[in-house]
Every structure is written in structure tokens, then in C-alpha cells.
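A.B. asks: Quick one, what's the 3D model for this:
(chains A and B)
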Amino acid sequence: MLNKTLTIAAIFVASSALAEDVPITGNVQSKCSIHTTTQGVFGTPTINKLSTKGTDGGVNPILRVDTSQAGYYIAKITTPDSFTTSPSLNDSVAWTGDVNVSQVSDVAMANYDADKVIYNNTHEYDLVAAGSTWFEVEATAEYGVDKSLPGGEYVAMVTAECIAK
Amino acid sequence: MVASYSYSYSDVINGRTNNAAANGFNWDMSNVLPPQAGLTVGGIVYRYSVEKQREDELKVTIQNEDKILGGYVLSYTDDWTDKEGSRIVKQYQLPNISIDRIGNGSITQEGTGTVFDPNVGYTYTYDECYDPLSSPECPGYEDAYLAYLFANGLLDLNGPDYDPMQEQALLESLDTETELEEEQAAIDREEEEEEEEENLEKLLSIRDEADELANAFAQQQLLLALNNAILLKPYIETVIAGGIYEDAPELQDKKISDNRRAALRMGLAQDQVHEKIVASQYEGD
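C.D. replies: The predicted structure is shown next:
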């Protein structure tokens, strides 16, 4: 009986010596959000070209980035360099694109375009002011040389990110 | 036991004006806001574009005059100095400024640069029943209407057209006549009773007419007041019961052939009768 009791006690002591991991959970709500305000539409000014420019019969997509904390976020907007949906293409497509601030909610954002950093087809904006900024994106795709684009649906994506510094 | 209820409502309207700066950088608020009593302005949304060189100094101000205290009841300035030109959109909440206070608006600029394509809108709120007289369905309409009638002398029973002494004199004369008739009745009871009955009926009819005259006067005043009150209902409110109205039963066309033998028989029989009738008129000859 004593032994049994000891044994149990020994087991208890051994159990209390085990390591325990206690999780700490928490959520951080992002203070930056992205909204599409205008869907883009390709126009076909020539048989081998797709363009979102209004002069080419298209519609430039517009997206709005809201941030409630000034100076904590960077907006990265990447113009497309390929179609996500298209008919079979057997020649190369030459892509061009641009991003411009079309509207601001604070005068402090007026220099975003002048101060942005461009690399590859990505436009990087330092969101130094709190509020809303509207970005207008242009995209143009030219197909091969003296070749018409095959008939069908064409879809391309603009990628926008809001990244904490 | 009689149960009654009255239907009343009070609707709060929220709205937004059109572009106040559509015709220039200065605008008259009486042309922008609806002319509703009790209207308050609770917000402003403005946007405009700027074209300038970054190093140029430029300040753009959107403001509204204060009609009561002078100066400006709202004023917002954007400093574009050392900034590129862009298009800006801003909105501000306002402490529900009364329509009686918010004055004419303007966009002004100081410095070098071009301000163009402005768009200024105000958000407002008003209660349709701020003035209970605006609709019979507003709460407190009856009290307000009575107050209106009294205030305008439309229910003044002591007015110049009403002489209560006439009514009093009429009653006194009626009393006098009644006494005389009673004296005469003591002389001849039978005649007295008959005459008293007749006179009583006559007197009652006279009093009724006097009351009616007074009522007619009051009614005339009420009708006059109703005619003066502006209450336009351009059409009759009615409800048409919904549902499906099926087509009436139709008889399908079908060929029905003539019975030639019957026609022949009928024709011969009629001919025979006709000849018989014609012949009968010569039977007497």
C-alpha cells in the first residue's frame, strides 16, 4: 500500500515536471484597405491592340486605398504583364502600363505621383498621409507584328497591395 | 362606447444638393437648398482640380457666409504650397447649421495656380412637419389650425359682423310676447290654449332660425378659412384591387350547315299562308 502510494506520488512529481506551452493569441486589424471603384474594360483601337485608355474605347480601372494611419503603409500597384484568360496565342504580347493618382482626400497626398518608385511594372507609393487615395491604372497589350488578336475573351489583372512598413 | 383614432406622421427628409458651384465660384444658397422651414445643413462635400507648379504658393478656400453673426459660418482652406497639382475630394460634418444662418458660398484662391472643375454639395435634413400646418396628417395639425384661425380673426365670435345684443333683444321681445299671450289666455282658455300652442310653435321656429343664423355665420367663417388654407391635392387617392382578370369565355367558330329541306318547307308554308291571306280579301266579292 505504501509502495503504491509512493508510486503514484512519483508519477505526480514526474508529471509536474513536464514543460507546457501556453499560447497567446491576438488579432491586428489592418489600418489599410483597398477597394475597386471602377472596373477596367479593354478597348480594341486596332485589330492587334487592347487598351484601357478612354481614347482607345476602353475604361481605366480605378482603385481606392484607404489608410487611417499616416506613414505606416506602402501601396504597391502592379500593372498586368499577361492575360489570365485569353484564346490561344502563338505570338508574344508586348505590355505597357502606368499608374497615376487621380484623386486625393488630403493635399498632403498631392506629391504621391512625383515621389513614387517604379520598378518593372510595379508602382510603389509611400502613404505618408491618412485618408483615401484613388489610383487610376492604364494597361495596353499589343500582339505580335502584323497579326490580329484571335477572337475571344481577354482578362488581365491589376495587383494592388497595402504593405505595412 | 365609441373608439376613434387619428392617423398622423412626421417624416424626416435627408438629401444632398446638386453641385452648388456648377455655375461659378460663387453661389447663392437660396438657389441651392430647398426652401424648407427648419432645414439644417449637416455636411459638405467638395472636390476640385488644381494645376500648378510644385514650388508655387497656392491656398484654396471653400466657405459660406454667416447671415446672423457675420463672417463665415464654415471655412476650409487647402494649402497647395510645395505640392503638385491634383484633384482633391473632401467631406466635413457640420453641426446642423440652420438654413436661416448659412449664407452664400464661394471658392477663393490666393497664390499662383489654376483651380477648375469644382463640385460642392451640401447634405441637409428637414422635418416635413416642422410646420404642422403643412399637412393635415402632421401631428398637432388641429391645434395649429385652430391657433391659425384665431390668430387671423377667422373664429372671432365678437367680431364686427356678430352682434350678440341682437340675439338678446330677440329673446327679450319673445318673452314679452309670451306674457301678453298668457294674459289673453286667461280671458278665453280655449282660444288661449290654441293660440298658445300656435304661438309657441311660431316662437320656437323663430329661435331655431336665430340659432341657424348664428351657426350659418360660423360655418361661413370656417368655409372662408378653409378656402384660405393652401391644401392642394391634385388627384384623388384611391386603391385599385390587384389580381388577375381572366378573359371572358369565347365561343369557337364552327361551321353550321343550313337545313335546306327545312328552309324549303318553311318557305312553302309561308308562301301558302301569304296566298291564303291575299285571297281572303276577295272572298267577300
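
A.B. asks: dump the residue contacts of the residue of the stretch 51-200 of chain B found nearest chain A.
C.D. replies: Proximity of the stretch 51-200 of chain B to chain A (C-beta to the nearest C-beta) peaks at B:Lys83, 3.9 Å away. Every C-beta, even on glycine, is put in place using the N, C-alpha and C of the backbone. Residues near B:Lys83 by C-beta atoms under 8 Å, 6 or more residues apart in numbering or on different chains: A:107-108, A:110-111, B:52, B:54.

A.B. asks: Check the gap between it and B:Gln63 for me.
C.D. replies: Applying C-beta to C-beta, to the nearest Å, the value for B:Lys83 to B:Gln63 is 21 Å.

A.B. asks: Same check on B:Gly243?
C.D. replies: Per C-beta to C-beta, B:Gly243 is found 59 Å from B:Gln63.

A.B. asks: Compare these two (neighbour count), which wins?
C.D. replies: B:Gln63 (18 against 6; other C-beta atoms under 10 Å in any protein chain shown).

A.B. asks: so what's that one bridging to?
C.D. replies: B:Ser75, B:Ser106 (DSSP bridges).

A.B. asks: Just list the residues touching it, thanks.
C.D. replies: When contacts are counted by C-beta under 8 Å, 6+ apart, B:Gln63 touches B:72, B:74-76, B:105-106, B:108.

A.B. asks: hmm, 10 Å instead?
C.D. replies: B:Gln63 makes contact with B:71-77, B:103-108, according to C-beta atoms under 10 Å, 6 or more residues apart in numbering or on different chains.

A.B. asks: And the residues you listed, which of them are buried?
C.D. replies: Among the contacts of B:Gln63, those classed as buried by 16 or more other C-beta atoms under 10 Å in any protein chain shown are B:72-74, B:103-107.

A.B. asks: OK, now which residue of the stretch 151-285 of chain B is nearest to chain A?
C.D. replies: Nearest to chain A, among the residues of the stretch 151-285 of chain B, is B:Gly242, at 39.3 Å (C-beta to the nearest C-beta).

A.B. asks: So for A:Lys53, what's the nearest residue that isn't a sequence neighbour?
C.D. replies: Excluding its sequence neighbours, the residue lying closest to A:Lys53 (C-beta to C-beta, 6 or more residues apart in numbering or on different chains) is A:Glu138, at 5.9 Å.

A.B. asks: For beta bridges, what are the partners of the one you found?
C.D. replies: Residues in beta-bridge contact with A:Glu138 (DSSP bridges): A:Asp98.

A.B. asks: What confidence value was assigned to it?
C.D. replies: At A:Glu138, the pLDDT value in this model is 96.

A.B. asks: Count the residues that sit near it.
C.D. replies: Neighbour number of A:Glu138 under other C-beta under 10 Å is 20.

A.B. asks: give the contact list for it.
C.D. replies: So A:Glu138 contacts A:40, A:51-54, A:56, A:58, A:60-61, A:79, A:96-100, A:158 (C-beta under 10 Å, 6+ apart).

A.B. asks: now the contacts of B:Gln63 in TSV, with pLDDT?
C.D. replies: TSV is the format used below for the contacts of B:Gln63 (pLDDT from 0 to 100):
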residue	pLDDT
B:Gly71	94
B:Tyr72	95
B:Val73	94
B:Leu74	94
B:Ser75	95
B:Tyr76	95
B:Thr77	95
B:Gly103	94
B:Asn104	94
B:Gly105	95
B:Ser106	96
B:Ile107	96
B:Thr108	95
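
A.B. asks: Give me the buried positions along stretch A:43-62.
C.D. replies: Buried residues in stretch A:43-62, counted by 16+ other C-beta under 10 Å: A:43, A:48-53, A:56, A:58, A:60-62.

A.B. asks: For these, name the two members farthest from one another.
C.D. replies: Farthest apart among the buried residues of stretch A:43-62 by C-beta to C-beta are A:Asn48 and A:Ile62. That separation is 26.5 Å.

A.B. asks: got the CA positions of the strand or helix carrying B:Glu275 in CSV?
C.D. replies: B:Glu275 is located in helix B:260-280, with elements delineated by DSSP states H and E. Only the C-alpha atoms of helix B:260-280 are listed here, as CSV (Å, rounded to 0.1, in the frame of the first residue of the first chain):
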residue,chain,number,x,y,z
ARG,B,260,-82.2,23.2,-96.9
ARG,B,261,-85.2,21.0,-96.6
ALA,B,262,-86.4,22.9,-93.6
ALA,B,263,-85.9,26.1,-95.4
LEU,B,264,-87.8,24.8,-98.3
ARG,B,265,-90.6,23.6,-96.1
MET,B,266,-90.8,26.9,-94.2
GLY,B,267,-90.6,28.9,-97.3
LEU,B,268,-93.5,26.9,-98.9
ALA,B,269,-95.6,27.1,-95.8
GLN,B,270,-95.1,30.9,-95.6
ASP,B,271,-96.0,31.3,-99.2
GLN,B,272,-99.2,29.2,-98.8
VAL,B,273,-100.2,31.3,-95.8
HIS,B,274,-99.4,34.5,-97.7
GLU,B,275,-101.5,33.5,-100.6
LYS,B,276,-104.3,32.5,-98.3
ILE,B,277,-104.3,35.8,-96.7
VAL,B,278,-104.2,37.7,-100.0
ALA,B,279,-107.0,35.5,-101.4
SER,B,280,-109.2,36.0,-98.3
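
A.B. asks: ok now that helix, how far from the chain's centre?
C.D. replies: Put simply, helix B:260-280 sits 76 Å off its chain's centre (C-alpha atoms, centre = their mean, to the nearest Å).

A.B. asks: again, but for stretch A:36-47
C.D. replies: Mean-position distance between stretch A:36-47 and its chain equals 19 Å (C-alpha atoms, centre = their mean).

A.B. asks: Between the two ends of it, how far is it?
C.D. replies: Start-to-end span of stretch A:36-47 (C-alpha to C-alpha, to the nearest Å) is 29 Å.

A.B. asks: now stretch A:125-138
C.D. replies: End-to-end for stretch A:125-138, by C-alpha to C-alpha: 16 Å.

A.B. asks: Identify the residue of chain A closest to chain B, quick one.
C.D. replies: Closest point on chain A to chain B, by C-beta to the nearest C-beta, is A:Ala110, at 3.9 Å.

A.B. asks: which phi and psi does that residue have?
C.D. replies: Here is the backbone geometry of A:Ala110 (degrees, to the nearest 10): phi -60, psi -20.

A.B. asks: Low-confidence stretches in the stretch 1-150 of chain B?
C.D. replies: B:1-10 (pLDDT under 70).

A.B. asks: who in it is up against chain A?
C.D. replies: Contact residues, the stretch 1-150 of chain B versus chain A (C-beta under 10 Å from any C-beta of the partner chain): B:47, B:49-50, B:52, B:54, B:58-60, B:77-91.
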